[in-house]
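Chemist: All I have is the shape, not the residue letters:
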């Protein structure tokens, strides 16, 4: 065994033993160091750049590493093998795509403010938000030789009397410690309880002076990114919020690869482990730490996610989802006890899964539709969720139709040379001077934040501006040359957004023709899906009253730019609204109100599903949409 | 570290590393060798006799090991420490008290036959035994692009239609594998189901040709011994049965010591582990193996046990049980999911706990009372359960009163020099020739079985015969001397039941004055409890119409002998009935019929509890009963 020392930017050293010929990416993971590898570790994305400081390493050559860089020790971890002791530097950039546990994720932050407003709108639409969770201090009569009632009867009779409920549920885990907590506190205790439909459940027993309130966690599990908020269920306050990369990403960037991996022996456990143990539990622990509450105070959780993600999260066999006739195990499922899948929470906490609509339109869309209130509006609404899968819902209170298309990870910065999630250091707005071709960048983060990469909204701006300035043509090929524009060794056109002396990574932040091509296919998938769905309903773009765009692709979307590149239909910009992470918003509503959860069931049941892959004309539409803005320029005239 | 090799009679060698000064009993346990130590490992019971064959061992001297035996290598494991490599022989006798997993336990065997008869009697008393579990083969319509219903809806709709139930429960663990099992079997599968009160639950999905039926396990957890039967719930057949020592015994012989141990840090887990992981799971695995069924076919379990045992089994804090005012956490508790406490069974199996009556009269007595049918009879019945705790219930369909006394482990062979449980090799009947003082022995096991020790019924016979033959006086002191009677080095009288050349252990099987004294205190506790309860009700012995005696103390009890030594009241022998392990019988009934379980709730609620320790006169009665037969000989005239 050799010894590998990882020097991690900002968090010190980790030392692990590694076997000869062991893959460096694996060795890093064993050390708890999650290096980015959105391509799945096959050497194609170039995101796992690390630097050999001392010792030896056997690495394949890569186009992502120049000769000069190679001499300076730069290597791709995924195509490097251990051949002796080594000291390896892990720069920030090698974890930028994941940017694990970014508590300052701006979209989540903004959602904090908007949740109250959404709750008000839902209330107006008839979805109530009665408070069901509370913490109560009670004093039980102490037992004596004349009053030898067992502890569980003593407690439940008191609660029956006090709250006039039909049923008192003392769960097994509470019973186990009931005698001890009662006697340590002279029979005066604080209980975290829920009273719902005249049924009282006890979640936790605490000393009477404890400051803990019953909490909940609303979660959005995306294929690429995961977001969550920790909520005080008693006072309706958001205590903390986090966003992180879905650690399943090493099993593939899209749902199909994940399902294939999950279908291998031990695969279901591995994929479930990656989301539960490696992604969500660290998030939950961190949020609780920040809020100063114990994990055992989490009495309920809500998960909104696409169909594959909620199957893999629950450890449900998912293989039929990817094979005709594409059948999931469930649309609706009863709440899952958190303890059954190893999610850290109160032992009696249950997880509400927002219901799926189809195999490729999942609970994240149901949650999003709940949050749009389109089910309660006469306005013809187009709801678009931009993610690794793009999903659309079109309709109003009379009908709703959904469809899904595979956009790939480009909107979230995946398969883009300098792509990253919309986290600190992400370039999220770009303008380019048509004369000088010099860019002006907006960067997520505090003042002075150096750029690290480009997120989805930055890509929209960049491509739109490159096109507007005549730097690229309608095929995404470079047609101007200048200080910031050159051709690389493969002959691909490249535009430099920021030079290495000004970046956080010390490397140029660039966009090349390959990136533009990936992005064009992503936007083409979305646009052609919109066209196909409209035509299947014999509708026109002009029939749409409003468009609500969701997804964690940046702090906002410049809709003019999105229209200019042919990603979104050419209708007045004021009909567009960017609503951020609507899946998380709907997950939050389902968490805090059973009525909201019940509404997601009604919403999911009322939405029909259009399978694009079997809809005539979709492929033609897609090919036609893979231009800037479109082969039919009249659509964007 | 040194190396210790254990040579185990009948099962080969086990080698473990051991630290210097490590206790040999601990080292053996680490090697998975359970040596008897009912005294808790303090050197007093002398049951952990092992033999040093090679190497070194540092042992304290013990009265249980003669000089000659010491020279021959005999040592008590519990007071021996590792000081170097050693080879240690573990003879049969060192595990006879536990006799782990004795599948041929005669009492259990006899119960097999009597369960059918008991079921018939309960039916006559209005307790129905409707069949609720079954295995059904179903063929679901296969999905297509036109019929894309998710798997869980497909299955539940089919079952709703077919069985006209109000609710179909597809538990989470079943959902996880539903898609795979459906497709591996072309949508034709076998389901293990329960239909109860128009509610259908699925426990297991299997290939259509599987021969598995839904099974259940009825368990009796005694302080010293544990018995269980595996039942085919569909066809009402008992598939196998086992008896074993409660591995909690190393934490103390009685419930008080166990509670004290459980109240230490980590104690609850340790005590639960001892009963669940070390006692019950091996029993369940072995029974399933013998019956050729999978552990996952076990859909329900039933546990009858005293209050402390069911608290420790469930991992419930039990300390208040031992301290005034003696309050348990529960009398009744909802079924416990087996998976929550790590009991090996179907993931959705639930454990029915027969309800407790008081802190010292538990669910084992409730189960026993159910089996006696005294709650449905006008006859004044005295029910006696002889165990480490002795419990009594007196009454009929008008009223029932219970009490408990601490008899100690003597009835189960504990704290008796050559005592053992009623398993193979146990002397269970004894007669002595008044002239020659030669005994005639009955031994549990096949013909030719050599005796290994004495069980409870053998002790009753021995002491009664020694008294009848004038070998001992009413204080239990030896007053005749002969070939089989001598005084040991401590001056204690000893009677030799079988000489070492004829025993399975190669040592004399004896009973000494200390053993007799222990037994007299046990029988005195029972008799004085009967007297005290009767007088508290202003009743006489003659008011009793019948006496039902339960407990795993042998293959039967010679009631004349039990009366002669003053253990049981002097009423006609034909009023007595030995009913074996009534706790297991009641546990079985609760397992196979919800109505029977509901009847245990009614029974437990209707029984009042008399606390002997605070009842005037009990201590005087006890002291008076610690003679053979009694200080008041008129009671046995």
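Modeler: Great, that's in hand. Note that the coordinates shown come from a computational prediction; the quantities given were computed from them, not determined experimentally.

Chemist: Buried residues in the helix or strand encompassing residue A:515, which are they?
Modeler: Under the criterion of DSSP states H and E, residue A:515 resides in helix A:513-536. Within helix A:513-536, the residues that qualify as buried by neighbour count (16 or more other C-beta atoms under 10 Å in any protein chain shown) are A:513-534, A:536. Backbone N, C-alpha and C define where each C-beta goes, glycine included.

Chemist: what about residue A:483, distance to residue A:471?
Modeler: Distance, residue A:483 to residue A:471, by C-beta to C-beta, to the nearest Å: 12 Å.

Chemist: who's more crowded, these two?
Modeler: residue A:471 (22 against 10; other C-beta atoms under 10 Å in any protein chain shown).

Chemist: Common neighbours of residue A:483 and residue A:471, please.
Modeler: Common neighbours of residue A:483 and residue A:471, using C-beta atoms under 8 Å, 6 or more residues apart in numbering or on different chains, are residue A:437.

Chemist: tell me the angle of the helix or strand that the helix holding residue A:515 is followed by relative to helix A:513-536?
Modeler: Helices and strands here follow DSSP H and E; after helix A:513-536, the next one along the chain is strand A:546-550. Using axes from the mean of the first three to the mean of the last three C-alpha atoms, to 10 degrees, the direction of strand A:546-550 lies 140 degrees away from that of helix A:513-536.

Chemist: Tell me which strands strand A:546-550 pairs with, and in which orientation.
Modeler: Each strand paired with strand A:546-550, and its direction, by DSSP bridges: strand A:381-385 (parallel), strand A:576-580 (parallel).

Chemist: which ones are touching the single nearest residue of the stretch 501-637 of chain A relative to chain B?
Modeler: Nearest residue of the stretch 501-637 of chain A to chain B (C-beta to the nearest C-beta) works out as residue A:614 at 6.9 Å. Shown in contact with residue A:614 (C-beta under 8 Å, 6+ apart): residue B:145.

Chemist: Could you rerun that using 10 Å?
Modeler: A:324, B:145 (C-beta atoms under 10 Å, 6 or more residues apart in numbering or on different chains).

Chemist: just residue A:7 next, same as before
Modeler: Taking C-beta under 10 Å, 6+ apart as the contact definition, residue A:7 lies against A:13-14, A:50-51, A:53-54, A:87-91.

Chemist: which parts of the stretch 201-350 of chain A sit against chain B?
Modeler: The stretch 201-350 of chain A comes close to chain B at residues A:263, A:268, A:272, A:307, A:311, A:314-321, A:323-337, A:339-341, A:347, as judged by C-beta under 10 Å from any C-beta of the partner chain.

Chemist: So which bits of the stretch 501-637 of chain A are right by chain B?
Modeler: A:609, A:611, A:614.

Chemist: Can you tell me which of these lies closest to residue B:467?
Modeler: residue A:609 (87.3 Å; C-beta to C-beta).

Chemist: Surely that closest one is in contact with residue A:404?
Modeler: Yes. Counting by C-beta atoms under 10 Å, residue A:404 is a contact partner of residue A:609 at 8.4 Å.

Chemist: related to what we said a few turns ago, which of the contacts of residue A:7 count as buried?
Modeler: Among the contacts of residue A:7, the ones that count as buried by 16+ other C-beta under 10 Å are A:14, A:50-51, A:87-91.

Chemist: which of these lies closest to chain B?
Modeler: Nearest to chain B among the buried ones among the contacts of residue A:7 is residue A:14, at 31.1 Å by C-beta to the nearest C-beta.

Chemist: Going by neighbour count, which residues of the helix or strand in which that closest one is found are buried?
Modeler: In the assignment (DSSP H and E), residue A:14 maps to strand A:12-18. Within strand A:12-18, the residues scored as buried using 16+ other C-beta under 10 Å are A:14, A:16, A:18.

Chemist: The last one contacts residue A:55, doesn't it?
Modeler: Just to be clear, that refers to residue A:18. No. The pair formed by residue A:18 and residue A:55 falls short of the contact definition of C-beta under 10 Å, at 11.1 Å.

Chemist: what touches both of the two?
Modeler: With C-beta under 10 Å, 6+ apart, residue A:18 and residue A:55 have common neighbours A:2-4, A:82-86.

Chemist: Looking at the residues you listed, which is nearest chain B?
Modeler: Set against chain B, the nearest of these by C-beta to the nearest C-beta is residue A:3 (26.9 Å).

Chemist: what does the average pLDDT come to for whichever strand or helix holds the closest one?
Modeler: Counting by DSSP H and E, the element that carries residue A:3 is strand A:2-8. For strand A:2-8, mean pLDDT is 89.

Chemist: swap in stretch A:607-617?
Modeler: Computed over stretch A:607-617, the mean pLDDT rounds to 90.

Chemist: distance between the ends of that stretch?
Modeler: Terminal residues of stretch A:607-617 lie 22 Å apart, using C-alpha to C-alpha, to the nearest Å.

Chemist: still on that earlier bit, now intersect the residues of the stretch 201-350 of chain A next to chain B with the strands, please.
Modeler: Those of those mapping onto strands are A:336-337, per DSSP state E.

Chemist: give me phi/psi at the spatially most distant residue from the centre of chain A?
Modeler: Distance from the C-alpha centroid of chain A peaks at residue A:146, with 58.6 Å (C-alpha atoms, centre = their mean). The phi/psi pair for residue A:146 (degrees, to the nearest 10) reads phi -90, psi -20.

Chemist: I figured it hits residue B:325, correct?
Modeler: Yes. Assessed by C-beta under 10 Å, residue A:146 is found in contact with residue B:325 at 8.2 Å.

Chemist: quick one: residue A:174 from residue A:193, how far?
Modeler: 10 Å.

Chemist: Spit out the residues that contact the two alike.
Modeler: Listed as contacting both residue A:174 and residue A:193 by C-beta under 10 Å, 6+ apart are A:201-204.

Chemist: could you dump these to a markdown table with pLDDT?
Modeler: Below are the shared contacts of residue A:174 and residue A:193 laid out as a markdown table (pLDDT from 0 to 100):
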| residue | pLDDT |
| --- | --- |
| A:201 | 97 |
| A:202 | 98 |
| A:203 | 98 |
| A:204 | 97 |
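
Chemist: Alright, calling it a day.
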